[in-house]
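Asker: mind looking at a prediction? Sequence and model below.
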Amino acid sequence: MQDVQSGPAEVAMPIDRVGVKNLQLPVRVRSRDQQGAVQHTVAEVDLSVDLPAEFKGTHMSRFIEALQDWGEDLGYASFKNLLESVRTRLAARRAHILFRFPYFIQRRAPESGSPATMNYACMLQGELEGGRLAFMLGVDVPVMTVCPCSLAISSGGAHSQRALVRIRARFTGFLWLEDLIAIAEESGSSPVFALLKREDERHVTDHAFAHPAFVEDVVRAAAHRLAHHPQVTWYRVEVESMESIHNHSAYASIESGGDV
């Protein structure tokens, strides 16, 4: 049968990325809290390669074949093998893959100890070109913040709100999702919890008001922790505060490969 994709392109222009998006795939992710334990979750997957100017199209079915022949364990070695498989099957110079998935951690309320599951939006992204692998791990973590200015000028309280800490990191060795989640939660006024009893609400509120933080404070605290993490070689941290008394969000970001 005729291979139309490998024929000449009407416009001879190279394409940076061509592929498939939003595939659903079951995956297993290693958990730090239990030795050798894995967590089963479902990922949305994007796969793409570069396409030279002389080819009309790529072979989309080969992306699916690469995923079907791949195991479900989401780790550095298996991820690199998948990238190599995609690049080889598509005869490409560069392959790119993005996994987006929820990761679940059971949290206990700070006073009552009541357990409940928190979910965190996570991502794993990689690009393989030649023998070089660029690898990135990321988390989106909600926290609570209390405004230091409002606290200083008010006689009876201060405005507080939820903020989102978004971390992206490159690293050497092995980096746990739990490490990045902890860095984000420790940088706000307080973590947030799925389940709180009255004594827990009092604890969270008292703790948050004892640790007020601007969006600038949160992003600096997270960046400082990332810069001193022994595995992290590059990071980008963004914080968006969904302000409770304004019709807008406050935002700050820091990107660096060195100490702060």
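Answerer: Received it, and whenever you're ready, just let me know what you need. Numbers count the residues shown, from 1 in each chain.

Asker: use CA for all of it now, contacts and neighbours both
Answerer: OK.

Asker: for the helix or strand containing residue 87, give the mean pLDDT please.
Answerer: Applying DSSP states H and E as the criterion places residue 87 in helix 76-89. The pLDDT scores in helix 76-89 average 92.

Asker: continuing past the helix or strand containing residue 234, what's the next helix or strand?
Answerer: Assigned by DSSP H and E, residue 234 falls within strand 232-242. Counting by DSSP H and E, the next helix or strand C-terminal to strand 232-242 is strand 249-256.

Asker: tell me the strands beside that following strand, with direction?
Answerer: Sheet pairing for strand 249-256, assigned by DSSP bridges, gives strand 232-242 (antiparallel).

Asker: ok so, going back, give me the contacts around the helix holding residue 87.
Answerer: Contacts to helix 76-89, defined as Cα atoms under 8 Å, 6 or more residues apart in numbering, come from residues 49, 62-63, 66-67, 70-71, 93-97, 126-128, 133.

Asker: how is residue 165 assigned, secondary-structure-wise?
Answerer: Under DSSP: H, G, I helix; E, B strand; the rest coil, the three-state class of residue 165 is strand.

Asker: how many other residues sit next to the closest residue to it other than its chain neighbours?
Answerer: Nearest in space to residue 165, with sequence neighbours left out and distances taken as Cα to Cα, 6 or more residues apart in numbering, is residue 239 at 4.6 Å. Residues contacting residue 239 under the criterion other Cα atoms under 10 Å number 29.

Asker: in this structure residue 239 contacts residue 184, no?
Answerer: No - with contact defined as Cα atoms under 8 Å, residue 239 does not reach residue 184; the gap is 9.4 Å.

Asker: okay, and the common contacts of the two?
Answerer: Common neighbours of residue 239 and residue 184 (criterion: Cα under 8 Å, 6+ apart): 165-166.

Asker: picking that back up, just the buried ones among the contacts of helix 76-89, please.
Answerer: 49, 62-63, 66-67, 94-97, 126-128, 133 (16 or more other Cα atoms under 10 Å).

Asker: would you map the helices across the stretch 151-260 of the chain?
Answerer: Taking DSSP state H, counting those that start in this stretch as the criterion, the stretch 151-260 of the chain carries its helices at 177-187, 198-210, 215-227.

Asker: show residues contacting the shortest one.
Answerer: In other words, helix 177-187. So helix 177-187 is contacted by 32, 137-143, 165-167, 191, 217-219, 221-222, 225-226 (Cα under 8 Å, 6+ apart).

Asker: try 7 Å this time
Answerer: 32, 139, 141, 143, 165, 191, 218, 221-222, 225 (Cα atoms under 7 Å, 6 or more residues apart in numbering).

Asker: so which of the buried ones among the contacts of helix 76-89 belong to strands?
Answerer: 49, 94-97, 126-128, 133 (DSSP state E).

Asker: turn these into a markdown table, including pLDDT and distance to residue 19.
Answerer: Listed next are these as a markdown table, based on pLDDT from 0 to 100; distance: Cα to Cα, whole Å:
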| residue | pLDDT | distance to residue 19 |
| --- | --- | --- |
| 49 | 94 | 6 |
| 94 | 94 | 12 |
| 95 | 96 | 10 |
| 96 | 97 | 9 |
| 97 | 97 | 10 |
| 126 | 94 | 15 |
| 127 | 95 | 13 |
| 128 | 94 | 15 |
| 133 | 88 | 19 |
